[in-house]
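**Q** whatever this is, show me its structure:
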Amino acid sequence: MSARVAVAEAPIRPVERVRFRWLLAVELLALVGVLWLAVAVRLPGLGDHTDLSDEGIRGVQLRLLAVGFKPVSEIYASQGPLSLWLFWPAVALFGPEIVVARVTVVAYSLVVLAGSAWIARRAAGPIAGIAAGAVLAVSPVFLDNSRLAFVEVPSIAPTVLGLVGLLLFRRSGRRRWLVASAVLVALGMLAKPMAAVAGLPALVLLLAPRLERWGEDEGPERAWRRRLVDLGLFAGVGLAVCVAVVLAVGPTTLYEQVVAYRLGARAVRGWDLASNAGLVAAQLRLHGWGVLLAALVGIAGVALAGRRRAWVGIAAVTWLAGALGALLAYSPLWEKHVTYALPPLAIVTGIGVSSVACLAKGMPDWRRIGWPRVAIGVTAVAALALVAAHLPTLAAGTRAIMYRHAGGDLSRYADDLEIVKAATTAGDFVVIDDAYLAMLTGRLTPPFLADLSWNRILARALTADQAINETRRLDSKILILQDDHLGQVQRYLTWADREYVLVRSYVQRRPARFRRVYASPSVDLAPVRDALQATLASPTDVRIGPAALLGYDLERREIKPGSRVDLTLMFEALQSRPPEHALIIRLRDRSGEAAWESEWKVGDGGQELHTWLAGRWQSQAHRLLIDDVPEGSYTLTIALQRPNGNAARVEARSGARAWGSGDEVDLGDVLVVR
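**A** Okay, the predicted model is just below:
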């Protein structure tokens, strides 16, 4: 180099260094902003109830894990043999509360975000990394599953870190990164098998002749023989980890819980390509057309990479294609499963957004970068415009996710919690079909019955004998069964009716639904009775023939035609095995005529009033459907009627009064409104 050239370039190099540092500072600031945004939308409302069955199952499982039961070999865990162990560190430190599990998932989601952003940066530069991180920070699907105690996000985190490890291996050539990557990908697969879609990009990264490094010269081409050795080592280490875990938990048990269960569920639910495609498309559309268009731009950019093979981009596109293919083939498919497509979608979207920078660099002579790349850049600008237009909708959806409210079941079945608290202590076992309620009780569930999901029952992955034996083995004190879970296993329901005491029931017509709360004969029922009476808004002292009405509770007194309303009645037998009586519920108009009438049984299952001994009691919630009733004010009455049509006499002492001729109980006025 001549002295003249050296003098000319001397002042440029410091300027370039300063520019580089400023750009790096801006990039770091943007990434910190993305992480702050991700945390800001994940933490608010994290302690609120959701009433989601899958969260309840996780809470039940983690409570069992915390007291020493082992996943799969003892705790039924159909997600994968390591699904619960991913939550174990936080549970061991802070306890098996559902908030701890959710915070754990938030932490894993940040790992996925950071790892995906780093991969996108390696593929197409800082803009791609920032864009990928931003997509995952506010993606409705990824955000929703990042705030719930589901397994999907925790199982993705190790696989993303595994891919990061592969990139570090290809950059440094150090095989410890390769081994660590194989272990991490295997851990993700063992947490949930669908995470295995990360194997496709791993294959691309291992077999690529060279990996481009954004902003640097490409590394030397790696010989085929070395690449095959790398692939063999990666596969061997991953297989060794999988075999070790399978042998540790037991191959037969693992097959029954993970493989046979899914095959059974698929056989029952069936598979439909159109349904799966519709579900996936609906979930992806939540991100807005701008993100989807940017992803298509990214795919096109990877395809047009030319001689400079964009192998990291190809790996991301392969990952996305594999995830979408797995989702289309899976059954039964749920919205949460679409989470597996989000990291590669975010990376490909980031690559698409980075095309804007290429377009800006080519100005004003766009011919220098070629018209195809100009078209891609212009399309990327259009995608960003669509993203901006979608922001208000995205913000509203984000608020809805952050401040999700539990459904009505949580309040409707609140009395069941009181029963469990009154009848049991912290170390007792209970069997509860309602998984979220089971978690809220703070009690233990027989490990093999930790997952009583609808799919497991339909797949016949739980037999009546297994359920009965597990209930007996751990002397379960309370059973709460409903028609769409264990209540479908008729022999178990019959056994419960025979061996346990029904203390509360919920019944509904059109369609017929039921839920029953049983107590073990060894339970002291006096505290349970007191707890249930305390929940009744209107305690009474009324005798109706052979039974006493101890109290009632009407959900609301303003009713719309066609709506449902709960009427809870608590009866006690005054004599042993009284004659059979039907419960008649009426709405009487001001003239005394019955404008609406419904007939019910007192008691449920095999424990109706005519089977009770004196002193036996039961609380029953009737889900009334009030239809074809004109607007106006009505009197709600009940009566006990013999099969021959004769109604029992009413003696009302307090809390209610006899109506009309003295064979009905007046429960007050209700207003029917349109």
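**Q** shaky segments in this structure?
**A** Applying pLDDT under 70 to the chain flags residues 1-20, 212-220, 306-309, 358-373.
**Q** how about a cut-off of 80?
**A** Where the chain drops to pLDDT under 80, the residues are 1-23, 210-221, 305-309, 356-377, 509-510, 512.
**Q** wait, isn't residue 62 in contact with residue 85?
**A** No. Applying C-beta atoms under 8 Å as the test, residue 62 and residue 85 come out as separate, 10.7 Å apart. The C-beta positions use only the backbone N, C-alpha and C, and glycine is treated the same way.
**Q** which one's more surrounded, the two?
**A** residue 62 (26 against 19; other C-beta atoms under 10 Å).
**Q** now that one: closest residue in space, sequence neighbours ignored.
**A** Take residue 62 and drop its neighbours on the chain: the residue closest to it by C-beta to C-beta, 6 or more residues apart in numbering is residue 96, 4.1 Å away.
**Q** state the distance from the one you found to residue 59.
**A** Residue 96 sits 7 Å away from residue 59, going by C-beta to C-beta, to the nearest Å.
**Q** isn't residue 158 up against residue 196?
**A** No. Using C-beta under 8 Å, residue 158 is not in contact with residue 196; the gap is 11.8 Å.
**Q** neighbour count winner among the two?
**A** residue 158 (27 against 19).
**Q** and the more buried one, helix, strand or coil?
**A** helix (DSSP: H, G, I helix; E, B strand; the rest coil).
**Q** got the contact list for it?
**A** Applying C-beta atoms under 8 Å, 6 or more residues apart in numbering to residue 158 gives the contacts 184, 185, 187, 188, 191, 195.
**Q** give me the three-state assignment for residue 583.
**A** Going by three-state DSSP: residue 583 is strand.
**Q** okay, now the residue lying closest to residue 442 once chain neighbours are set aside: neighbour count?
**A** The shortest distance from residue 442 to any non-neighbouring residue, by C-beta to C-beta, 6+ apart, is to residue 426 (6.2 Å). If you count neighbours by other C-beta under 10 Å, residue 426 ends up with 8.
**Q** quick one: residue 426 and residue 441 touch, right?
**A** No. Counting by C-beta under 8 Å, residue 426 does not reach residue 441; the two are 9.6 Å apart.
**Q** residue 229 belongs to a helix?
**A** Yes. Counting by three-state DSSP, residue 229 is located in a helix.
**Q** could you measure from it over to residue 202?
**A** 15 Å.
**Q** who has more neighbours, the two?
**A** Just comparing residue 229 and residue 202: by other C-beta under 10 Å the higher neighbour count belongs to residue 202, 24 against 14.
**Q** domain ranges for this protein?
**A** 41-402, 407-526, 536-674 (automatic domain parsing).
**Q** which among those is found nearest to residue 28?
**A** Proximity to residue 28 (C-beta to C-beta) singles out domain 41-402 among the domains of the chain, at 9.5 Å.
**Q** the residue nearest to residue 442 should be in a strand, yeah?
**A** No. Under three-state DSSP, residue 426 falls outside any strand and is assigned coil.
**Q** look up how far residue 420 lies from it.
**A** Computed as C-beta to C-beta, the residue 426 to residue 420 distance reads 11 Å.
**Q** need the overlap of contacts for those two.
**A** The contact sets of residue 426 and residue 420 overlap at residue 443 (C-beta under 8 Å, 6+ apart).
**Q** name the element the residue nearest to residue 460 when sequence neighbours are not counted belongs to?
**A** Counting by C-beta to C-beta, 6+ apart, residue 460 lies nearest to residue 264, which is 5.8 Å off, once chain neighbours are set aside. Using DSSP states H and E, residue 264 falls within helix 261-269.
**Q** tell me what the helix or strand just after that helix is packed against?
**A** Downstream of helix 261-269, the next assigned helix or strand under DSSP H and E is helix 273-285. In terms of contacts (3 or more C-beta pairs under 8 Å, 6 or more residues apart in numbering; DSSP states H and E), helix 273-285 is packed against helix 311-329.
**Q** what is in contact with residue 158 and residue 196 at once?
**A** residue 188.
**Q** save the domains of the chain as TSV, and put in distance to residue 28 too.
**A** Shown next, in TSV, are these (distance: least, C-beta to C-beta, whole Å):
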stretch	distance to residue 28
domain 41-402	10
domain 407-526	41
domain 536-674	56
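**Q** looking at those, which is nearest to residue 30?
**A** Ranked by C-beta to C-beta, the member of these that lies closest to residue 30 is domain 41-402, at 4.8 Å.
**Q** so how far is that closest one off the chain centroid?
**A** 17 Å (C-alpha atoms, centre = their mean, to the nearest Å).
**Q** quote the end-to-end distance of that domain.
**A** 7 Å (C-alpha to C-alpha, to the nearest Å).
**Q** contact partners for the nearest residue to residue 137 once chain neighbours are set aside?
**A** Among residues not flanking residue 137 along the chain, residue 38 sits closest, at 3.9 Å (C-beta to C-beta, 6+ apart). By C-beta under 8 Å, 6+ apart, the contact set of residue 38 is 109, 110, 113, 133, 136, 137, 138.
**Q** top of those by neighbour count?
**A** For these, neighbours tallied by other C-beta under 10 Å; top is residue 136, 30 neighbours.
**Q** what helix or strand is it on?
**A** Taking DSSP H and E as the criterion, residue 136 maps to helix 126-138.
**Q** filter the contacts of residue 158 down to just the ones in helices.
**A** 184, 185, 187, 188, 191 (DSSP state H).
**Q** tell me how far the second one lies from residue 458.
**A** Okay, so that is residue 185. Distance from residue 185 to residue 458, by C-beta to C-beta: 32 Å.
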